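Peer 1: Following is a predicted model, sequence given first.
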Amino acid sequence: MGKIKPYFHSIDLLRGITALFVCLYHFINHHDGKGFLFEETETIRAQSYILIDSVYIFFMISGFVIPLAMMRQNFEIKKIFHFLLRRWVRIEIPYLVSIIAILFIGLLWSLRGGAPISIDNMQLVHHFFYTAGIFEVQWLNPIYWTLAIEFQFYIFIALIFPIINSKNDWIRYGGIFLLSGISFWLTDPRFVFAYFPLFISGLLYLYYISEEKNKNLNLILFILILIQTAYLFSWITSVYILSAVLIVEFLNLKKQNPLVRFGKMGYSFYLMHGIFGGTFIFFMRDYISNPYLLLVLAIPIAITLSFAFYWIIERPSQKLSKKINYSK
């Protein structure tokens with residue numbers, strides 16, 4: 001592997017921007033017992049569909065940063081337990097706390113609405129193991145499905161790492177072609193296979209910046225993956241993926257940049273924006289009738305509370321996960 005920057009601060013920026021786009025989509029399409037925040041006929045809601053495909057940027061990021069970390073730590077199959085444990089600790093602790101927060105908010109909503117809250121124990125078990133989607137159990141938070149796909153990717157990438165990290169180009173690129181081909185047939189959105197082109201786009205960009213000999217080939221394959229992504233998902237998704245890669249390639253940000261600082265808590269914001277901002281909208285609709293004002297107020301409130309969540313919950317779990325070293 002060639003010389004690569006020790007850290008890509010533009011990746012943090014991407015996480016923050018993507019979480020913000022998803023937040024905007026959810027707030028614009030907010031729905032509760034009082035109805036939709038914006039009527040279906042309003043332009044802002046009709047055009048908000050272009051925001052939701054931005055969530056696929058997270059998969060491209062994982063396709064880039066996870067193999068990069070594995071290469072740097074000399075990952076081997078025998079280290080799979082420590083690798084998965086590290087990833088599990090990194091995402092699971094904030095995830096579980098967010099579930100507790102949802103149950104608590106649900107209790108408040110039920111008290112306000114006069115309806116009792118019911119907790120399905122099996123639903124919680126499926127959430128713990130990220131299997132709710134597989135068994136068609138309703139997610140407590142609609143964004144949780146992406147975490148399930150991410151964890152499937154962690155397992156899969158660990159198992160095929162010897163292929164994608166092979167020094168033999170025939171093995172490496174043969175694996176890429178096989179994975180991209182699988183996504184044409186295994187299209188069930190509950191499983192990681194359907195999203196292989198998105199993860200592969202990040203992997204090909206990693207190949208592109210880490211080696212000199214196959215730069216043109218990696219560029220051509222990346223363009224083909226973008227075409228496949230447009231075919232299987234949408235042209236908007238391809239634009240998002242291309243834009244994300246261009247940001248990483250050409251935007252050299254410093255750690256002190258405010259946008260980078262915001263992006264560092266992107267996971268917390270992604271997890272909690274609906275809980276914080278959605279709850280604010282629900283309780284304030286009786287007092288503020290203007291939906292645009294509610295939208296404008298809900299976003300900074302969600303960001304501020306997510307920042308607190310990052311420092312209290314996510315950052316300690318991040319530090320804990322780094323203590324699980326699979327390089328030795």
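Peer 2: Everything's here; your move. As the structure is a prediction and not an experimental result, all values here were calculated from the model.
Peer 1: rest of the way, CA atoms for contacts and neighbours
Peer 2: Fine.
Peer 1: List the contacts of the spatially most central residue of the chain.
Peer 2: Geometric centre of the chain, nearest residue: residue 58, 3.8 Å, by C-alpha atoms, centre = their mean. Applying C-alpha atoms under 8 Å, 6 or more residues apart in numbering to residue 58 gives the contacts 15, 18.
Peer 1: can you tell me how far it sits from residue 146?
Peer 2: 9 Å (C-alpha to C-alpha, to the nearest Å).
Peer 1: for residue 87, same thing?
Peer 2: 15 Å.
Peer 1: And residue 285, by the same measure?
Peer 2: Residue 285 is 29 Å from residue 146, by C-alpha to C-alpha.
Peer 1: who's more crowded, those two?
Peer 2: A count of neighbours by other C-alpha atoms under 10 Å puts residue 146 above the other of residue 285 and residue 146, at 18 against 14.
Peer 1: The more buried one: helix or strand, and which one exactly?
Peer 2: For residue 146, the host element (DSSP states H and E) is helix 144-164.
Peer 1: May I see the buried residues of that helix?
Peer 2: In terms of neighbour count (16 or more other C-alpha atoms under 10 Å), helix 144-164 has its buried residues at 144-154, 157-158, 161, 163-164.
Peer 1: quick one: which of these is nearest to residue 196?
Peer 2: residue 153 (8.9 Å; C-alpha to C-alpha).
Peer 1: is it true that the closest one touches residue 192?
Peer 2: Yes. With contact defined as C-alpha atoms under 8 Å, residue 153 counts as touching residue 192 (6.2 Å).
Peer 1: Dihedrals phi and psi, residue 32?
Peer 2: With angles defined as degrees, to the nearest 10, residue 32 sits at phi -140, psi -160.
Peer 1: so it makes contact with residue 281?
Peer 2: No. Taking contacts as C-alpha under 8 Å, residue 32 lies outside contact range of residue 281: 9.4 Å.
Peer 1: between these two, who's got more neighbours?
Peer 2: residue 281 (23 against 11).
Peer 1: how close does the more buried one sit to residue 38?
Peer 2: 12 Å.
Peer 1: Show me where the chain has its strands.
Peer 2: 31-32, 35-36 (DSSP state E).
Peer 1: returning to that earlier point: out of the buried residues of helix 144-164, which two sit at the greatest distance?
Peer 2: Going by C-alpha to C-alpha, the pair spanning these furthest: 144 and 163, at 29.3 Å.
Peer 1: I'd like to know which elements the helix holding residue 146 is packed against.
Peer 2: helix 57-72, helix 80-113, helix 169-185 (3 or more C-alpha pairs under 8 Å, 6 or more residues apart in numbering; DSSP states H and E).
Peer 1: from these, which stretch is densest packed?
Peer 2: Neighbour counts (mean count of other C-alpha atoms under 10 Å) averaged over each of these peak at helix 57-72, with a mean of 20.
Peer 1: Now do it and helix 144-164, the angle between them.
Peer 2: Per axes from the mean of the first three to the mean of the last three C-alpha atoms, to 10 degrees, the angle that helix 57-72 makes with helix 144-164 is 40 degrees.
Peer 1: State the mean pLDDT of helix 57-72.
Peer 2: In this model, helix 57-72 has an average pLDDT of 96.
Peer 1: and residue 229, what does it touch?
Peer 2: Taking C-alpha under 8 Å, 6+ apart, one finds 197, 198, 235, 237, 238 in contact with residue 229.
Peer 1: From those, keep the buried residues only.
Peer 2: Buried among the contacts of residue 229 (16+ other C-alpha under 10 Å): 197, 198, 235, 237, 238.
Peer 1: Inside helices: which ones of the residues you listed?
Peer 2: Judged by DSSP state H, helices contain the following of those: 197, 198, 235, 237, 238.
Peer 1: Verify the contact between the fourth one and residue 52 for me.
Peer 2: If I follow you right, that is residue 237. No. Using C-alpha under 8 Å, residue 237 makes no contact with residue 52, being 9.2 Å away.
Peer 1: picking up where we left off before, the residue nearest to the centre of the chain and residue 18: what is the separation?
Peer 2: For residue 58, the distance to residue 18 - C-alpha to C-alpha - is 8 Å.
Peer 1: again with residue 111
Peer 2: 34 Å.
Peer 1: rewinding a little: could you export the helices and strands packed on helix 144-164 as CSV, including distance to residue 310?
Peer 2: Putting the helices and strands packed on helix 144-164 into CSV (distance: least, C-alpha to C-alpha, whole Å) gives the following:
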stretch, distance to residue 310
helix 57-72, 18
helix 80-113, 9
helix 169-185, 35
